[in-house]
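A.B. asks: How does the following fold in three dimensions:
(6 chains, ligands or ions: 3)
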Amino acid sequence: MNITDSLIKLWQSTGLANFVQPVDPSITNGFEQFLHQFGSPIMLVVCCFLLWLGIKKQFEPLLLVPIAFGGLLSNIPVADIAGPHGFLGIIYEAGIHQGLFPLIIFMGVGAMTDFGPLIANPKTALLGGAAQFGIFGALLLALCCFGFTLPQSGAIGIIGGADGPTSIYVTTKLAPELLGAIAVAAYSYMALVPVIQPPIMKALTTEAERKIEMKQLREVSKREKIIFPLVVLGLCIILLPDACPLIGALTFGNLCKESGVVERLSDTMQNALINIVTIFLGLSVGSKLSAEQFLTTQTLFILVLGILAFSFATAAGVLFAKIMNLFSKEKINPLIGSAGVSAVPMAARVSNKVGLEANPQNYLLMHAMGPNVAGVIGSGVAAGILLALCH
Amino acid sequence: MNITDSLIKLWQSTGLANFVQPVDPSITNGFEQFLHQFGSPIMLVVCCFLLWLGIKKQFEPLLLVPIAFGGLLSNIPVADIAGPHGFLGIIYEAGIHQGLFPLIIFMGVGAMTDFGPLIANPKTALLGGAAQFGIFGALLLALCCFGFTLPQSGAIGIIGGADGPTSIYVTTKLAPELLGAIAVAAYSYMALVPVIQPPIMKALTTEAERKIEMKQLREVSKREKIIFPLVVLGLCIILLPDACPLIGALTFGNLCKESGVVERLSDTMQNALINIVTIFLGLSVGSKLSAEQFLTTQTLFILVLGILAFSFATAAGVLFAKIMNLFSKEKINPLIGSAGVSAVPMAARVSNKVGLEANPQNYLLMHAMGPNVAGVIGSGVAAGILLALCH
Amino acid sequence: MNITDSLIKLWQSTGLANFVQPVDPSITNGFEQFLHQFGSPIMLVVCCFLLWLGIKKQFEPLLLVPIAFGGLLSNIPVADIAGPHGFLGIIYEAGIHQGLFPLIIFMGVGAMTDFGPLIANPKTALLGGAAQFGIFGALLLALCCFGFTLPQSGAIGIIGGADGPTSIYVTTKLAPELLGAIAVAAYSYMALVPVIQPPIMKALTTEAERKIEMKQLREVSKREKIIFPLVVLGLCIILLPDACPLIGALTFGNLCKESGVVERLSDTMQNALINIVTIFLGLSVGSKLSAEQFLTTQTLFILVLGILAFSFATAAGVLFAKIMNLFSKEKINPLIGSAGVSAVPMAARVSNKVGLEANPQNYLLMHAMGPNVAGVIGSGVAAGILLALCH
Amino acid sequence: MMEQFILHLEEGSILLGIGMGVVFAFLCIMVVAMKGMSVVVKWLNQLFPEEVEVVEKKGTKKNVSEDEAIAVAIAVARAQG
Amino acid sequence: MMEQFILHLEEGSILLGIGMGVVFAFLCIMVVAMKGMSVVVKWLNQLFPEEVEVVEKKGTKKNVSEDEAIAVAIAVARAQG
Amino acid sequence: MMEQFILHLEEGSILLGIGMGVVFAFLCIMVVAMKGMSVVVKWLNQLFPEEVEVVEKKGTKKNVSEDEAIAVAIAVARAQG
Ligand code: NA
Ligand code: NA
Ligand code: NA
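C.D. replies: Numbers count the residues shown, from 1 in each chain, chains lettered A, B, ... in the order given. Ligands and ions are numbered 1, 2, ... in the order given. Below is the predicted model of the structure:
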């Protein structure tokens, strides 16, 4: 070892010396060449932007901050933190590749969800079904018009489910190469629900419809709440076993919560466990934000399709509520239809807010929670269908 | 892809189409054929029954609810959640197969256990030894009369230890194919301790014996409590290294608790960590509740042997207390002998309750805690012997 | 199976029969033969001594208690708890071998660290740089005078960084065979900071210097605190990607803390997660305290080099502060230089205490926190250099 | 190209149809099941009334009563002065 | 069949004997060790008395202050009566 | 032996030099960056003043109950008056 060699070795191990990739003669397109050469630094900027969205704009910061930071770490030259021996690569392999982390988070979601408003007014479940049109509509577009393969289209469609863990679970199984872009799109648009939904909701409803008041929900007994997750799981077993890991995790969490006899476990699922897994899930999802996978036209398409999926879902929920009103004596306020996209509880709050604008006495929050939580189940079911048919 | 094919594919992936297994011509017995065909749905019903026991009857719900739910999930047709790529299968492989989860839980148990009452009255430790007769008695029966192999008999006997993590640890090493049945039996009978023990205790003691009052325990200094786990571990190292993973985990937890200098860690072992591991241990033990392993006559035998083991243990503890009274001036109330089965702290409470029935001034709880915690050590030692000699 | 065979089998599985290794004829040195034969029992005594240090003397008990207990468990004959199928061996492989545990702990450290005092007085960062002389000085000695290889010397040097997770991370990568000794040295000397540092500090400063009062630090705005971790990570990316796993984990934790939008995660990193990982890190580091690796002259050398490293670091920090005073108008109290070794927050407290002895009005704590936290970054950078150049 | 598009359109439409169909089927059955459940549970609740839950959660209440007690004590003490 | 049974009976009995023997041996030694430990610790505690533990666990104080507050309130109320 | 020592001395010294150099370089740049950051942030803080943080941490409820307690206290005091 002499000093010159050491300095050279050190210089060659700096980021400065490795930021720019050498020209790849096989790439003829100039812009692609540019992306190939400057991919890492561009991704660092993109991740800083995502961090800014998470921290300053508070876009789902619990996920977006770890995802963005994971993206920063995985785009560091030389270090190869997202590689098979890097720590994010190891966590990804252990926790995401086989689907563990999203399922554990879904357990926590189950343990935090109160299905009471849905049980009190069962028919609002259908609104949570209608909103799944966003998933299949976006799938159709992705497949026909954007040149994605069938599994990729399924993974893109699931953005319209507005459900983080479901999106990550499905994407990991169908199109892991799109995980970074889809996760970023899913969480960003979930954060944008208060921006995306209101114009669509107002455009599709009349002032009179927005003013419809709904009668207060009945009390739901403890027994019903305990039996409900088992009923949902039972249906899922009979009709769609492919959705059972997701729905099973959700209902397990919910049963632990409602049974009231395992409060220790339910409490842990809602706090320590979900937090720990969120940290690692976020970081390792971020590890898929590599330049060659993210800086593509596909990512642009995914962003476009994602917002279309959210819009379709919102519109379908609202319109289906209006259709239901045609056939039912007891009118429902179509504004709660948009809550069917899930994005619990933000979408329900949006319904409430838009409702209050039209009629200051009209508190829709609890009514909107019905389609809201039904949307979670609906997305789970849709995920099962995609997993069954898309590969 | 056309619509008929898709519908057929979807139908073939429903649970409805896969609930019933095709007839296996190699099975000649009609009842076995029935079990072979309808195994999954029967197991779903069995698991619902276990859930009911856990939630409604509060049979050790912290374990029985996750075990039963794991059983539900693993008996879903098509989904193969307990298979090598299913999430319960993965968790099982990572956490149970090598014995990690039961040891971590045993750490938490150590951190929650106060050995003070045992240190204050050392000779009650022998009661915790006598109660291990349940283990070896049941082993003898299983081996001679029920046709189990030696390792299987050892695993079945350990039910009599009345100690969940110990049972799971030993069974995983000796007879993993019986894990589902043994875990269910162990936790169910632990919950039934207040039903199983009192008649045996009353039958084997006279009214006068049950009225014996014991003098109050001396104070135990902090130093003794700190040294005690090290003494136990030291003995275990010298005499029975095979029991050291179990006893080591227990004494580590206890040392962390008693040392008072690592409260953060002791607190975490007693809460976040034990809760997280309990969730995954329960679910993945439940994943061994498959029809072909659970719906056998062996399971029936295990249930019978389990209750015999508990009864033997109870009787041995009580009788040994009476024998000790023959040779000792200071009489002990034989009711505390039954607490030697472990099942902390339920068995000690049972001793207290039966004692109060005979003599309303006779508070046996703290006295019974001595044999109770000694029973945990005793079962650990017995587990070490089984691991050393049974395979 | 007959009774004699069983008893023999049982006897052969006792610790008593396996404590003493048979004579190895290939070892000619009598003392080495003794160590070879009686290694395990000696290590058990050593581990009890470490436990005593942790519990009674409160030497970094959060780490030393689990490490010592892990050492106890791994030196149990027959049980092979640290072996590839023992539970400590498995945890080691999963968590330490690839560097996960130290990085997770470093996240928690980041989430607990306030870089405010450093941001308020940036130039004190240089003191945290000077103190890294301990690392490279000890490396030089280890390499020249003690016959260690280059990677081993790097791992030994890092003890001078006075940073547990960094030491473990680097040692695992460079010289895993020394992990036990280095971890024990690092944590013991960190606990001894209040003993090691003051004489050196007093010897190298005049009474007048120790009396220097420093003006109060300015307020640091939230924005600065949020941007700071990103700046550090950015520099690390540009200059030294090899340090990025460590610095990345640290800055991620700190960003989560300072951003204020992910309090759930930051709180979990500081509590449940760091506690859980500390338990397993400690135990599995302890599993490297095997006799053949620990009972060597190398361990003695490491202990000597470790204290030299700490002393070099302390001296360099103090002297560099004096040098800085030569060139700067605004004098700094050289006592805060010693805080540059990290060992947060103990070294800063020592600076404060020695300062108060000289001048009862002179509260140096917050001033010393600047070099103190800079020392953490400095050690991380030094670790990156070692990882880049030492293998 | 156009053939490709039609093929994909067909495939996507089938998935859209089947997907929405199954989702609705699932949720419709769920609605029916929920209504059935309500009836059964109502009947169950009459047969075996639920135990009155004595929810004594940690602290919350205690803190209130503590603060109240202190406030009362202070107020009373002042009023007397 | 019968041979098998006798073989198993023998095996099981041996295990029963050895098992109970070892368990009792272990616990007996443990009892002796505990008694020894008590003596040694008593002697240690005289040589190096344990520090008076200032156990200030969470809540303890609160409860005390709560009780105090309530006591004050009651006292005040009575004083008024 | 001596050659070995000199070789190691050289190697170690190079590492010492490079190591301390890089550490100082890193920290010096960090110092400059921190100073730059302070300036930029000061300017940013003037352009976009930081929101007054309405830190409503978990205490909220306590405050409520406190308010209640105070209200009770006042009520009691009035009732007495
Ligand atoms: Na949804
Ligand atoms: Na027991
Ligand atoms: Na340092």
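
A.B. asks: helix or strand for residue 31, which one?
C.D. replies: Looking at chain A here, since you left the chain open. Taking DSSP states H and E as the criterion, the element that holds residue A:31 is helix A:30-55.

A.B. asks: hm, I was asking about chain D
C.D. replies: In the assignment (DSSP H and E), residue D:31 maps to helix D:2-47.

A.B. asks: Is that helix in proximity to chain A?
C.D. replies: Yes - legend: contact between helix D:2-47 and chain A by CB under 8 Å from any CB of the partner chain is shown at D:5, D:8-9, D:11-13, D:15-16, D:18-20, D:22-31, D:33-35, D:37-38, D:41, D:44-45. Quick note: C-beta positions are derived from backbone N, CA and C, even for glycine.

A.B. asks: Show the backbone phi and psi for residue A:97.
C.D. replies: phi -50, psi -40 (degrees, to the nearest 10).

A.B. asks: pLDDT value on it, please?
C.D. replies: The pLDDT attached to residue A:97 in the predicted structure is 89.

A.B. asks: Check the one 4 residues further on too.
C.D. replies: The predicted local distance difference test score for residue A:101 is 96.

A.B. asks: Could you count how many residues lie near residue A:24?
C.D. replies: Using other CB atoms under 10 Å in any protein chain shown, residue A:24 has 11 neighbouring residues.

A.B. asks: Quick check: chain neighbours aside, which residue is closest to it?
C.D. replies: residue A:36 (5.4 Å; CB to CB, 6 or more residues apart in numbering or on different chains).

A.B. asks: Quick check: the one you found vs residue A:27, distance?
C.D. replies: 6 Å (CB to CB, to the nearest Å).

A.B. asks: again with residue A:212
C.D. replies: From residue A:212 to residue A:27 the distance is 58 Å (CB to CB).

A.B. asks: Give me the nearest residue to whichever residue of chain D sits closest to chain A, chain neighbours excluded.
C.D. replies: Across chain D, the shortest distance to chain A (CB to the nearest CB) belongs to residue D:12, at 3.6 Å. Once flanking residues are discounted, residue D:12 sits nearest to residue A:140: 3.6 Å by CB to CB, 6+ apart.

A.B. asks: I figured the one you found was touching residue D:13, is that so?
C.D. replies: Yes - in this structure residue A:140 lies within contact range of residue D:13 using CB atoms under 8 Å: 6.5 Å.

A.B. asks: higher neighbour count, the two?
C.D. replies: The neighbour comparison of residue A:140 against residue D:13 (other CB under 10 Å) goes to residue A:140, with 22 against 15.

A.B. asks: give me every residue that touches the residue of chain D closest to chain A.
C.D. replies: Contact analysis of residue D:12 by CB atoms under 8 Å, 6 or more residues apart in numbering or on different chains lists A:136, A:139, A:140, A:141, A:143, A:144, A:153.

A.B. asks: May I see these arranged in a markdown table, with secondary structure and pLDDT as well?
C.D. replies: Below are the contacts of residue D:12 laid out as a markdown table (DSSP: H, G, I helix; E, B strand; the rest coil; pLDDT from 0 to 100):
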| residue | secondary structure | pLDDT |
| --- | --- | --- |
| A:136 | helix | 96 |
| A:139 | helix | 96 |
| A:140 | helix | 95 |
| A:141 | helix | 95 |
| A:143 | helix | 94 |
| A:144 | helix | 91 |
| A:153 | helix | 96 |
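
A.B. asks: Dump these into CSV; add distance to residue A:352 as well.
C.D. replies: Output for those, formatted as CSV (distance: CB to CB, whole Å):
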residue, distance to residue A:352
A:136, 28
A:139, 30
A:140, 32
A:141, 31
A:143, 36
A:144, 36
A:153, 34
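
A.B. asks: which one among those residues gets closest to residue A:113?
C.D. replies: residue A:136 (24.1 Å; CB to CB).

A.B. asks: How much space separates the closest one from residue A:157?
C.D. replies: 6 Å.

A.B. asks: Neighbours of residue 28, how many?
C.D. replies: In the absence of a named chain, this looks at chain A. 8.

A.B. asks: You answered for a different chain; I wanted chain D.
C.D. replies: Neighbour number of residue D:28 under other CB under 10 Å is 15.

A.B. asks: That one touches residue A:122, doesn't it?
C.D. replies: No - shown here, residue D:28 and residue A:122 do not form a contact pair, counting by CB under 8 Å, at 10.0 Å.

A.B. asks: Name the nearest residue to residue A:14, ignoring sequence neighbours.
C.D. replies: residue C:239 (5.6 Å).

A.B. asks: hang on, I meant residue A:7
C.D. replies: Using CB to CB, 6+ apart, the closest residue to residue A:7 is residue F:18 (6.7 Å).

A.B. asks: What does the pLDDT read for that neighbour?
C.D. replies: Predicted confidence (pLDDT) for residue F:18: 93.

A.B. asks: likewise the one 3 residues further on?
C.D. replies: Looking at residue F:21, its pLDDT is 94.

A.B. asks: Stretch A:163-174 - what's its average pLDDT?
C.D. replies: Mean per-residue pLDDT for stretch A:163-174: 95.

A.B. asks: picking up where we left off before, tell me the pLDDT at the residue of chain D closest to chain A?
C.D. replies: 92.

A.B. asks: separation between it and ligand 3?
C.D. replies: As judged by CB to the ion, to the nearest Å, residue D:12 and ligand 3 stand 59 Å apart.

A.B. asks: so how far is residue A:340 from that residue?
C.D. replies: Counting by CB to CB, the gap from residue D:12 to residue A:340 is 22 Å.

A.B. asks: do residue A:7 as well
C.D. replies: Taken as CB to CB, the span from residue A:7 to residue A:340 is 62 Å.

A.B. asks: Neighbour count for these two, which is higher?
C.D. replies: When neighbours are counted by other CB under 10 Å, residue A:7 and residue A:340 differ, and residue A:340 comes out ahead with 39 against 15.

A.B. asks: State the distance from the residue nearest to residue A:98 when sequence neighbours are not counted to chain E.
C.D. replies: Using CB to CB, 6+ apart and skipping residues adjacent in sequence, the residue nearest residue A:98 is residue B:90, 5.4 Å away. Distance from residue B:90 to chain E, counting by CB to the nearest CB, to the nearest Å: 36 Å.

A.B. asks: Number of residues surrounding residue A:82?
C.D. replies: 25.

A.B. asks: which ones are touching residue A:251?
C.D. replies: A:110, A:229, A:230, A:232, A:233.

A.B. asks: Would you point out the most distant pair within those residues?
C.D. replies: Every pair of these checked by CB to CB; the farthest is A:110 and A:230, at 12.4 Å.

A.B. asks: Go ahead and confirm residue D:45 touches residue A:221.
C.D. replies: Yes - with contact defined as CB under 8 Å, residue D:45 reaches residue A:221; the gap is 5.9 Å.

A.B. asks: the more surrounded of the two?
C.D. replies: It is residue A:221, of residue D:45 and residue A:221, that has more neighbours when counted by other CB under 10 Å, with 17 against 14.

A.B. asks: May I have the phi/psi pair for that one?
C.D. replies: The phi/psi pair for residue A:221 (degrees, to the nearest 10) is phi -80, psi 160.

A.B. asks: What lies in contact with stretch A:255-267?
C.D. replies: By CB under 8 Å, 6+ apart, stretch A:255-267 touches A:110-113, A:222, A:225-226, A:228-230, A:253, A:269-270, B:51, B:54-55, B:58, B:61-62, B:65-66, B:69, B:271, B:275, B:278-279, D:53.

A.B. asks: Type out the PyMOL command that picks the buried ones from those residues.
C.D. replies: Buried residues among the contacts of stretch A:255-267 (16 or more other CB atoms under 10 Å in any protein chain shown), as a PyMOL selection:
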select buried, (chain A and resi 110+111+112+113+225+226+228+229+230+253+269+270) or (chain B and resi 51+54+55+61+62+65+66+69+271+275+278+279)
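
A.B. asks: All set, thanks.
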